[in-house]
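Undergrad: Curious how this folds, go ahead:
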Amino acid sequence: MTTLTRTGTTMPATRRDERYAPAHTLAPPVDVYETDEMYVLLADMPGVQPDGLDVIAERDSLTIRGRVERPAAEPDYQEFELSDYYRAFTLSEDLESDKVTAVLRDGVLRVEIPKSPRVKPKKIAVRTE
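TA: As a prediction, this is how the structure comes out:
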């Protein structure tokens with residue numbers, strides 16, 4: 001069975017990650033769907049622009065980071081806080097991390113992680129006699 005697991009929502013900043021060290025980060029809500037061909041992750045990341053988004057697939061991990069540009073002036077009334085996002089997942093060896101694709105549209109990130117051909121269902125031809 002192929003697995004995709006969440007590894008955490010916070011990570012201490014390292015020298016490499018200093019530009020991602022916001023005062024407050026949120027784990028974006030993520031829906032995960034499995035098809036015969038791939039896993040699809042949908043992450044809500046309002047306020048993140050394409051140049052503020054990093055999706056990194058390395059060996060057995062998938063990391064999503066989103067930086068939000070804060071408005072110059074504070075709003076007079078605010079119902080939700082704009083915050084940076086961080087989420088990490090562990091990928092099994094049955095997934096092709098080198099073929100991951102990602103699209104950001106209207107504040108929703110769609111990440112597609114293809115399954116390895118060896119774990120995809122195979123239709124068996126049935127002969128009649």
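Undergrad: what are the phi and psi angles of D98?
TA: When quoted as degrees, to the nearest 10, the phi and psi of D98 stand at phi -80, psi 0.
Undergrad: Now it: closest residue in space that isn't a chain neighbour?
TA: Of all residues not flanking D98 in the chain, A57 sits nearest, at 7.3 Å (Cβ to Cβ, 6 or more residues apart in numbering). Just so you know, the C-beta spots here come from the backbone N, C-alpha and C atoms, and that holds for glycine as well.
Undergrad: before we move on, which element is that neighbour in?
TA: strand 48-58 (DSSP states H and E).
Undergrad: Could you check that strand and say which residues are buried?
TA: By neighbour count with 16 or more other Cβ atoms under 10 Å, strand 48-58 contains the buried residues V48, G52, L53, V55, A57.
Undergrad: average pLDDT across it?
TA: Mean pLDDT, strand 48-58: 93.
Undergrad: Can you name the element that comes right after it?
TA: Criterion used, DSSP H and E; the element after strand 48-58 is strand 61-68.
Undergrad: Okay then, goodbye and thanks.
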